[in-house]
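Engineer: Next come a sequence and a model predicted from it.
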Amino acid sequence: MTMADLHRFPDGDTLTRDLAAEIVGRLTDAVKAHGVASLVCAGGTTPGELYEAMSALDAPWSRIMVTASDERWAPPDSEASNERLVRQTLLQNKAAAARYVPLRTDDPTPEAAEDAVNATVAAMRRPFDVTLIGMGTDLHIASLCPEAEGLEAAMDVSSPALVHAIRAKSGAGSNIRMTLTLRALLESEVILLLIRGEAKLKAYREALAGEDVLEGPVRGVLHQAITPVHVYWSP
């Protein structure tokens, strides 16, 4: 079963404005209802402008906890770090008061850090109030990448694990990662999938048409009846 709704926008600026307001509104409502809120942020190059727009909006940011959907096992000041992306684009201006929950530790490998990071993520409000993810043209989400070592375990929704070490097939110097599991992603009030461009739209349609979640991990989010999914697209 597919629960995804596709929202098309004429341009990136309109998408950014509307999605920023949508996310911040949901987080504000969650704080009103629960006293705290939780946000999972996508990494990569696409969401930077969105995070900057969000940072300028009023919200009870001091009551909002933020983490990333995945993290490369690199120092937080590395250009490859999603923590660096979130801190430089979202956790500034009015959103500087939000608390960041890192997925990386000082352990030498993500495998050694799984228990500690799992406990840290488990301390956030769940279900996550908003989970924002991106998607590659290879149909990966977070670091749930086709053919990655550790993918099958990370996609196993019967496992209680919220995070899993994973080693992507490619990505020189950054293929060793920690990712939220599919189970963790689905433990959300809503999942927002942000995609831009015709190639991503074509990949999204390919994902809808297929069924193999290991070949296309985004299908684990699109073909499920647990959590509502909204897809935001612009050229």
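Structural biologist: Good, I have the coordinates. Numbers count the residues shown, from 1 in each chain.

Engineer: can you list the weak-confidence ranges in this protein?
Structural biologist: 1-3, 171-173 (pLDDT under 70).

Engineer: Show me the strands in it, by range?
Structural biologist: For the chain, the strands defined by DSSP state E cover 4-8, 37-41, 64-68, 70-72, 99-100, 130-133, 163-167, 176-180, 191-196, 229-234.

Engineer: neighbours of residue 205, just the number please.
Structural biologist: 11 (other Cβ atoms under 10 Å). C-betas here are computed from N, CA, C, even on glycine.

Engineer: hang on, the earlier thing: turn the strands of the chain into a markdown table, including mean neighbour count and distance to residue 27.
Structural biologist: Converted to a markdown table, the strands of the chain look like this (neighbours: other Cβ atoms under 10 Å; distance: least, Cβ to Cβ, whole Å):
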| stretch | mean neighbour count | distance to residue 27 |
| --- | --- | --- |
| strand 4-8 | 14 | 19 |
| strand 37-41 | 27 | 5 |
| strand 64-68 | 24 | 6 |
| strand 70-72 | 26 | 21 |
| strand 99-100 | 15 | 13 |
| strand 130-133 | 26 | 6 |
| strand 163-167 | 24 | 22 |
| strand 176-180 | 27 | 18 |
| strand 191-196 | 22 | 12 |
| strand 229-234 | 20 | 15 |
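
Engineer: Run through the neighbouring helices and strands of the helix ranked longest in the chain.
Structural biologist: The longest helix of the chain (DSSP state H) is helix 12-34. In terms of contacts (3 or more Cβ pairs under 8 Å, 6 or more residues apart in numbering; DSSP states H and E), helix 12-34 is packed against strand 37-41, helix 48-55, strand 130-133, strand 191-196, strand 229-234.

Engineer: picking that back up, which stretch among the strands of the chain comes nearest residue 108?
Structural biologist: strand 176-180 (10.1 Å; Cβ to Cβ).

Engineer: what's the offset of the closest one from the middle of its chain?
Structural biologist: Computed by Cα atoms, centre = their mean, to the nearest Å, the chain-centroid distance of strand 176-180 equals 12 Å.

Engineer: May I have the strands that pair with that strand, each with its orientation?
Structural biologist: Note on strand 176-180: by DSSP bridges, its sheet partners are strand 70-72 (antiparallel), strand 163-167 (antiparallel).

Engineer: Same list, those, but as JSON lines with distance to residue 140 please.
Structural biologist: Below are those laid out as JSON lines (distance: least, Cβ to Cβ, whole Å):
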{"stretch": "strand 70-72", "distance to residue 140": "10"}
{"stretch": "strand 163-167", "distance to residue 140": "10"}
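
Engineer: Tell me which of those strands sits nearest to residue 143.
Structural biologist: Smallest distance to residue 143 across those (Cβ to Cβ): 3.8 Å, for strand 70-72.

Engineer: just checking, residue 21 touches residue 57?
Structural biologist: Yes - using Cβ atoms under 8 Å, residue 21 makes contact with residue 57 at a distance of 7.0 Å.

Engineer: which of those two has more neighbours?
Structural biologist: Higher neighbour count among residue 21 and residue 57: residue 57, with 17 against 13, using other Cβ under 10 Å.

Engineer: Tell me, how many residues neighbour the closest residue to that one other than its chain neighbours?
Structural biologist: Spatial nearest neighbour of residue 57, excluding adjacent residues (Cβ to Cβ, 6 or more residues apart in numbering): residue 24 at 4.6 Å. Using other Cβ under 10 Å, residue 24 has 23 neighbouring residues.

Engineer: thought residue 24 was touching residue 59?
Structural biologist: Yes - between residue 24 and residue 59 there is a contact under Cβ under 8 Å: 4.9 Å.
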